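S.K.: what follows is a predicted protein model with its sequence.
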Amino acid sequence: LRLGFAAMLGLLLVVVGYWQRRYRPEFAATLQGGGIATMYLVVFFALQSYGLLGAAPAFALLVAIALLAAALALVQNAISLAVIGQLGGFAAPLLAPVAGESHLALFSYYLLLNLFIVGIAHFKAWRMLNLIGFVFTFCIASTWGVLRYRPDQFATTEPFLIAFFLIYLAIPVLFALRGDDKPVPWMDRTLLFGAPLASLLLQYALVVDMPFGMFWSAAGLAIIYFSLVDLLRRFAPEAAGALGDELLAIGVGFATLAVPYAFDNHHLTGAVWAVEGATLYWAGARRQQWLTRTAGVALQGLAGIAVLLELMRGEVGPIPSGSGYLAASAILCLAALLIARTAHWYSNTDSQHRRPGKGPGQREAAWLQALIGWGLLFWISAGVGEIARLVPPGLEPGALLLFFALSALLLEFVASAGRWLPGRY
């Protein structure tokens, strides 16, 4: 009886709020949000605390309430109601785990929710919904993968991962196709860089035991991004101008990762983060967005930690060695050098042309030259370790001299060609 009265109260709040939508829209949205939240709680307590509902009816009611909230949001152009409905929709399988034993049912339901988000994005630029959907989808998928995934479920799991990746790749492109020539908003950029990063990390867990699995995955992602850039430049050049550079940079990053993965190397989690970080910083410097640049630099630190953790998991001697560490260190070093070079170049360009905005300043560029030492630290330790592992003891001094000389010559050549004085030093 108490739950029945509470449900009636929640429904009454929705009705009164909808009736007041023309006179006091903000107050009306608050009433309707409170009513929807009340109905969510009624269903939850009826299921979990009192056992008055089974899992299947409770799940159906939660989905119905989420659809009601979405319909009210679209009719009234109220994003707050859409957010409440979306949160309830994503939480429904967690509150009423009717699909808990079947990952097919769980991911099919989330696929429908994400397709619904794409449908809303076609009509409304409610970017918060896209971000919430992305976070919920990949967090729940990651949790399920850690707790329940088995290799024999690959054929029924991989299609959903591909579908989720394509959905959150399509949403920023959809906004760009509307003719938005402004810099890509940070929420769209979060999807643009977060979707491939999260997808590749989940893909690693799926194909880690398959020969060349990560090579085909990285190469496939590179082909997707290159093809998308080509299509945008052919048929929607105005959209290509808005985000084509970012898409191209991500494609180059995955193509770069495909090379070491072609040697069946699976220990490149840190390298993935380093490439993503360098791409983020380059995009942030080009678009004058300090938050994007900060995220790119932070990813370099996380990449170094990931490389060291991968090294600690393996059996190594007192000197770090192994082809995995060498490949990861080389990619991390290149990414760190790219950030330092980008910061130096853009800070000088902005100062010479007096460009306003939030581009890299002289102080930021000076601090980021420390990444030269950070990157070379990994490269040199990996090179010394490989020499100790592969070269006979009598030839080690000559091999070390050759390694340092070639590294210095290469850096001098690149830095002098790019007018990068800190790199020459």
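M.R.: All right, it came through fine. Numbering: from 1, shown residues only.
S.K.: tell me how far residue 252 lies from residue 414.
M.R.: As judged by C-beta to C-beta, to the nearest Å, residue 252 and residue 414 stand 17 Å apart. Heads up, the C-betas are built off the backbone N, CA and C, glycines and all.
S.K.: what is the mean pLDDT for whichever strand or helix holds residue 65?
M.R.: In the assignment (DSSP states H and E), residue 65 maps to helix 55-76. Helix 55-76 shows a mean pLDDT of 82.
S.K.: report the buried residues of the next helix or strand after that helix.
M.R.: The element immediately downstream of helix 55-76 (helix or strand, assigned by DSSP H and E) is helix 79-95. By neighbour count with 16 or more other C-beta atoms under 10 Å, helix 79-95 contains the buried residues 79-93, 95.
S.K.: which among those gets closest to residue 109?
M.R.: Distance to residue 109, by C-beta to C-beta, is smallest for residue 93 among those, at 6.3 Å.
S.K.: my read: the closest one touches residue 60, true?
M.R.: No - at 11.9 Å, residue 93 does not count as touching residue 60 under the criterion of C-beta atoms under 8 Å.
S.K.: joint contacts of these two?
M.R.: Residues touching both residue 93 and residue 60 by C-beta atoms under 8 Å, 6 or more residues apart in numbering: none at all.
S.K.: all helices of the stretch 201-350 of the chain, in order?
M.R.: Using DSSP state H, counting those that start in this stretch, the helices of the stretch 201-350 of the chain run over 213-235, 237-261, 269-287, 290-313, 323-353.
S.K.: which of those is buried the deepest?
M.R.: Using mean count of other C-beta atoms under 10 Å, the stretch among the helices of the stretch 201-350 of the chain with the greatest mean number of neighbours is helix 269-287 (a mean of 26).
S.K.: please compute how far that one lies from its chain's middle.
M.R.: Relative to its parent chain, helix 269-287 has a centroid offset of 11 Å by C-alpha atoms, centre = their mean, to the nearest Å.
S.K.: one step back: for the helix holding residue 65, packing partners?
M.R.: Helices and strands touching helix 55-76, by 3 or more C-beta pairs under 8 Å, 6 or more residues apart in numbering; DSSP states H and E, are helix 2-19, helix 25-48, helix 79-95, helix 103-123.
S.K.: just want the angle from the third one to helix 55-76.
M.R.: Pointing back at helix 79-95 there. Helix 79-95 and helix 55-76 are oriented at 170 degrees to each other (axes from the mean of the first three to the mean of the last three C-alpha atoms, to 10 degrees).
S.K.: flag the shaky bits of the stretch 201-350 of the chain, pLDDT-wise.
M.R.: Residues of the stretch 201-350 of the chain meeting the criterion pLDDT under 70: 239-242, 263-267, 313-323, 350.
S.K.: in what helix or strand does the residue lying closest to residue 104 once chain neighbours are set aside lie?
M.R.: Distance criterion C-beta to C-beta, 6 or more residues apart in numbering; nearest residue to residue 104, sequence neighbours excluded, is residue 156 at 5.9 Å. Element membership for residue 156 (DSSP H and E) is helix 154-177.
S.K.: what of residue 23?
M.R.: Per DSSP H and E, there is no helix or strand for residue 23.
S.K.: which residue is nearest the middle of the protein?
M.R.: Per C-alpha atoms, centre = their mean, the C-alpha nearest to the average position across the chain is that of residue 194, at 1.2 Å.
S.K.: list the contacts of that one.
M.R.: 134, 138, 168.
S.K.: what is the nearest of the residues you listed to residue 306?
M.R.: Among the contacts of residue 194, residue 138 lies closest to residue 306 (C-beta to C-beta), at 18.0 Å.
S.K.: which residues touch the closest one?
M.R.: 164, 194, 198, 199, 202 are the contacts of residue 138 under C-beta under 8 Å, 6+ apart.
S.K.: thought the last one was touching residue 143?
M.R.: No - if you go by C-beta under 8 Å, residue 202 and residue 143 don't touch, sitting 11.1 Å apart.
S.K.: and the two? which has more neighbours close in?
M.R.: A direct count of neighbours by other C-beta atoms under 10 Å for residue 202 and residue 143 places residue 202 higher, at 20 against 11.
S.K.: mind listing what the closest residue to the more buried one other than its chain neighbours touches?
M.R.: Distances taken as C-beta to C-beta, 6+ apart place residue 161 nearest to residue 202, at 5.7 Å, with adjacent residues excluded. If a contact means C-beta under 8 Å, 6+ apart, then residue 161 has 141, 199, 202, 203, 206 as its contacts.
S.K.: check residue 70 too.
M.R.: Counting by C-beta under 8 Å, 6+ apart, residue 70 has contacts 81, 82, 85, 86, 89, 116, 120.
S.K.: and of these, the nearest to residue 231?
M.R.: Closest approach to residue 231 among the contacts of residue 70 (C-beta to C-beta): residue 120, at 23.9 Å.
S.K.: follow-up on the earlier one: with residue 372 as the reference, measure out to the residue nearest to the centre of the chain.
M.R.: Taking C-beta to C-beta, one finds residue 194 at 28 Å from residue 372.
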